[in-house]
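Colleague: Starting from these lines, generate the structure:
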Amino acid sequence: ARAVAVGAAERGASVHVANRTPERARAVAALCGGTFSGLSEMPGEADVLVNTTPVGMAPAAGETPVPADRLPGFRVVMDIVYAPVETRLLREAAAAGCRVVNGLRMLLYQAAAQFELWTGRPAPAAAMEAALYRGLGEEG
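Modeller: Just a heads-up that it's a prediction; the model follows:
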């Protein structure tokens with residue numbers, strides 16, 4: 001959550017952090033000059049909603065951090081969960097008319113950045129992407 005919030009703010013986004021624990025939301029919001037609230041008080045609309053929790057991943061794969069009736073106010077919904085590729089949050093967001101982004105790109109770019117950091121060489125991004133999809137048994 002911290003990396004997403006700070007990265008978004010550094011690129012000019014106005015950030016609102018919602019958490020089950022408002023004190024945690026306040027701490028992250030302070031890092032990026034954003035606003036904060038508890039989950040139940042989060043704004044009902046924004047350009048982008050990003051789930052940075054593990055909710056939606058095993059053992060909570062059937063759960064969602066945001067009720068479906070709250071989703072129509074968001075243009076894009078991204079879930080950083082990458083297993084499963086399509087979480088309940090993303091299914092419900094798509095049904096609500098939101099553009100959805102799964103966590104695979106985040107996983108891929110994180111791996112590429114780590115490769116470059118450790119080796120000092122450009123990451124073989126295409127090969128890494130192919131291996132990711134091969135590992136999932138899907139086409140890229």
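Colleague: So which residues make contact with the helix or strand hosting residue 107?
Modeller: Taking DSSP states H and E as the criterion, residue 107 maps to helix 104-119. Helix 104-119 is touched from outside by 80, 82, 85, 121, 122, 123, 124, 125, 128, 129, 132, with contacts defined as Cβ atoms under 8 Å, 6 or more residues apart in numbering. The C-beta positions use only the backbone N, C-alpha and C, and glycine is treated the same way.
Colleague: For the protein, which helix or strand comes out least confident on mean pLDDT?
Modeller: Counting by mean pLDDT, DSSP states H and E, the chain has its least confident helix or strand at helix 125-136, which shows a mean of 92.
Colleague: If you count neighbours, what's buried in it?
Modeller: 128, 129, 132 (16 or more other Cβ atoms under 10 Å).
Colleague: Look up how far residue 101 lies from the first one.
Modeller: To residue 101, residue 128 is 18 Å away according to Cβ to Cβ, to the nearest Å.
Colleague: With the last one instead?
Modeller: In this structure, residue 132 and residue 101 are 15 Å apart, going by Cβ to Cβ.
Colleague: Please apply the same query to the second one.
Modeller: Per Cβ to Cβ, residue 129 is found 15 Å from residue 101.
Colleague: One more: residue 121?
Modeller: From residue 121 to residue 101 the distance is 28 Å (Cβ to Cβ).
Colleague: The two - which one has more neighbours?
Modeller: Using other Cβ atoms under 10 Å as the criterion, residue 121 and residue 101 rank with residue 101 on top: 17 against 8.
Colleague: Who are the contact partners of the more buried one?
Modeller: So residue 101 contacts 76, 77, 78, 79 (Cβ under 8 Å, 6+ apart).
Colleague: Please flag which of these sit within helices.
Modeller: Of those, none are assigned to helices by DSSP state H.
Colleague: For those residues, give me TSV that also has pLDDT, neighbour count and distance to residue 42.
Modeller: Output for the contacts of residue 101, formatted as TSV (pLDDT from 0 to 100; neighbours: other Cβ atoms under 10 Å; distance: Cβ to Cβ, whole Å):
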residue	pLDDT	neighbour count	distance to residue 42
76	98	14	16
77	98	23	13
78	97	23	15
79	97	29	16
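Colleague: No further questions, thank you.
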